[in-house]
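Take this sequence and fold it.
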Amino acid sequence: MTKKALIVGSGIAGLAASVRLAAKGYQVEVFDANTYPGGKLSQIQNGGYRFDAGPSLFTMPELVDELFVLAGKKPEEFFEYERLELICRYFWEDGTKLSAWADSSSFAEEVETELGEPAWKVKNALKQSAFIYGHLAPLFLEKSLHRLSTWTGPKAMKSYLKMGKLGIFTTMNTANEKQFSHPKLVQLFNRYATYNGSDPYQTPATLNIIPHLEFNRGAFFPKNGMHDITTSLFSLAQSLGVTFHFNTKVEEILVEDGKAVGLSSREKKFPADVVVNNMDMVNAYKTILRKQKQPKMLLSQPKSSSALIFYWGVQSVFPELELHNILFSEDYQTEFAHIFKHGTIYHDPTVYINITSVHKPDDAPPGCMNWFTMINVPNNQGQDWDLLIAEARKNIIAKINRVLKTELEPLIEVEEILDPRSIELKTSSAQGALYGNSSNNRFAAFLRHANYSSSIKNLYFCGGSVHPGGGIPLSLLSAKIMSEMIGQ
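Below you'll find the predicted structure:
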């Protein structure tokens, strides 16, 4: 008899989980309160402009390819992407500009030319990043931290011997100040803390693992935009017989005698052999698992930062801008203190501008650009967001005008806004935090929920709020770790 698996949520991890379980022979059904799949990885269309609404950087594409291979298909026939030659363009208020070329030697030479920092320091930093990845990925990214076997294998023993060199005992900023002498280069490498919503002045230097993914393994762009990751995996899941229930809010995960036996929705019960939760872990325990024992320590952990995003249709082309662009704050440390200590927005925020029309021209009308304009902000703690958004909008536009020597306001043809309140509403992310719990202490990796329940049999977890963390690659890995546990 075919076993049944029910999945709560069709975020990127939920989609990946549905594919993996269907490939294992399960009859899979996915329930989502939204009317569309993908969670944060969705899109917005407005007045001839298309915007990728959520994650904008694509690394480790092999994790997507792997799902097609698992289903017996050729990935390139269903999902196409290109490797970026230029990863990001950086701007500072004093007129300094820096192009982060994908080729590490070219990037190192650019840094030496523009900042005077010796190229060998950049190359050494990327070697260190690869070193951290090589020792930590097998433990912290590819396996469950909550199984003894992870810590007793030969890979674990090898990493124990290198513990002092992996950045566990110092902060990202301290490590980067030791590696580089130029403050702008320290700031550039500190930026990678934002990839999981953390503070480089608090988070451990193990997060210096991230540059390895961009430079050594590559940054990519799906030829049909980031949302194509969602649509491709959604189609793949359907081709494997996965059933999707949209606009269908789950009311409760049903538990009997310490075992998950299904779920209820719209006063109807759906039985199952396995239940997978892809909903934000905190809100899941507050709602659909409210009757079960609560992991109070995990639920009380500080949350990651959130985002304020302006989706602007801009009636002009700026040739100096690339797919990814950063306009840095003049005082990075104060900016992060505002986010994580004061719960507010600094008047000079670092501005990220993602423009997919650079690579996909039909995302904007001719002679125009689609600007996904984002700043890092605190999660929702009851602030006066209407006031904060109005002030931030003025400060962002003023900064762009100064750096790019333009007058942006008259060029904005369409505008939509996403803030921590709407992020929480649309994605059930607790407090609108983008990455679940923050990583602002050395034990943060151990303070994420496991990919299974220790108290409820046949209940599993995946997604950015559980192990190994947020972002597309880690969410996909969470689904992989979870699926490998089922049937063991």
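
give me the low-pLDDT residue ranges for the stretch 101-250 of the chain?
144-167 (pLDDT under 70).

thought residue 347 was touching residue 396?
No: between residue 347 and residue 396 there is no contact, the gap being 10.4 Å when judged by C-beta atoms under 8 Å. Glycine gets a C-beta too; all of them are placed from N, C-alpha and C.

Pick out whichever of those two has more residues nearby.
residue 396 (23 against 16; other C-beta atoms under 10 Å).

Nearest residue to the more buried one in space, ignoring adjacent ones along the chain?
residue 351 (5.5 Å; C-beta to C-beta, 6 or more residues apart in numbering).

Distance of residue 333 relative to residue 8?
Distance, residue 333 to residue 8, by C-beta to C-beta, to the nearest Å: 39 Å.

Those two: who's more crowded?
residue 8 (25 against 14).

backbone phi and psi for the more buried one, please?
Main-chain dihedrals, residue 8, degrees, to the nearest 10: phi -100, psi 110.

if I look at it, how far off is residue 292?
14 Å.

which residues are common contacts for those two?
Shared contacts of residue 8 and residue 292, defined by C-beta atoms under 8 Å, 6 or more residues apart in numbering, comprise residue 253.

Where do the domain boundaries of this structure fall?
4-81+226-301+444-485, 112-216 (automatic domain parsing).

Tell me which of the ones you listed approaches residue 326 most closely.
domain 112-216 (6.9 Å; C-beta to C-beta).

so how far does the closest one reach from one end to the other?
Start-to-end span of domain 112-216 (C-alpha to C-alpha, to the nearest Å) is 19 Å.

Kindly report the same for stretch 255-271.
Note: stretch 255-271 ends 11 Å apart using C-alpha to C-alpha.

Mean confidence (pLDDT) on it, please.
Averaging pLDDT along stretch 255-271 gives 96.

Give the other helices and strands that the helix or strand hosting residue 125 contacts.
Residue 125 belongs to helix 119-136 when assigned by DSSP states H and E. Judged by 3 or more C-beta pairs under 8 Å, 6 or more residues apart in numbering; DSSP states H and E, the packing partners of helix 119-136 are helix 104-115, helix 154-160, helix 172-179, helix 210-211.

returning to that earlier point: against residue 410, how distant is the residue nearest to residue 396?
Where residue 410 is concerned, residue 351 sits at a distance of 19 Å (C-beta to C-beta).

Kindly report the same for residue 275.
From residue 275 to residue 410 the distance is 53 Å (C-beta to C-beta).

quick one: which of the two has more around it?
residue 275 (27 against 9).

Buried deepest among the helices and strands packed on helix 119-136, which one?
With neighbours defined by mean count of other C-beta atoms under 10 Å, none of the helices and strands packed on helix 119-136 is more surrounded on average than helix 210-211, at a mean of 24.

Grab the nearest non-local neighbour of residue 33.
In space, and not counting its chain neighbours, residue 33 is closest to residue 249: 4.2 Å by C-beta to C-beta, 6+ apart.

so that neighbour sits right up against residue 265, yeah?
Yes: using C-beta under 8 Å as the test, residue 249 is close enough to residue 265 to be in contact (6.4 Å).

Mutual contacts of those two, please.
residue 31.

Looking at the two, which one has more neighbours?
residue 265 (18 against 15).

what sits against the more buried one?
So residue 265 contacts 31, 245, 248-251 (C-beta under 8 Å, 6+ apart).

Please name the bridge partners of it.
residue 268 (DSSP bridges).

immediately after the longest helix anywhere in the chain, which helix or strand?
As assigned by DSSP state H, the longest helix anywhere in the chain is helix 385-404. As assigned by DSSP H and E, the chain's next helix or strand after helix 385-404 is strand 412-418.

Give the other helices and strands that that next one contacts.
strand 43-46, strand 49-52, strand 306-314.

and residue 76, that one's in a strand?
No: counting by DSSP: H, G, I helix; E, B strand; the rest coil, one finds residue 76 to be helix, located in no strand.

neighbours of it, just the number please.
Using other C-beta under 10 Å, residue 76 has 10 neighbouring residues.

buried ones in stretch 466-485?
Across stretch 466-485, burial judged by 16 or more other C-beta atoms under 10 Å covers 466-483.

With stretch 7-23 instead?
7-23.

ditto for stretch 253-264
Buried-residue list, stretch 253-264, by 16+ other C-beta under 10 Å: 253-255, 260-263.

OK, contacts around the residue nearest the centre of the chain?
Closest residue to the average C-alpha location of the chain: residue 471 at 2.0 Å, with C-alpha atoms, centre = their mean. Counting by C-beta under 8 Å, 6+ apart, residue 471 makes contact with 55, 195-196, 435, 464.
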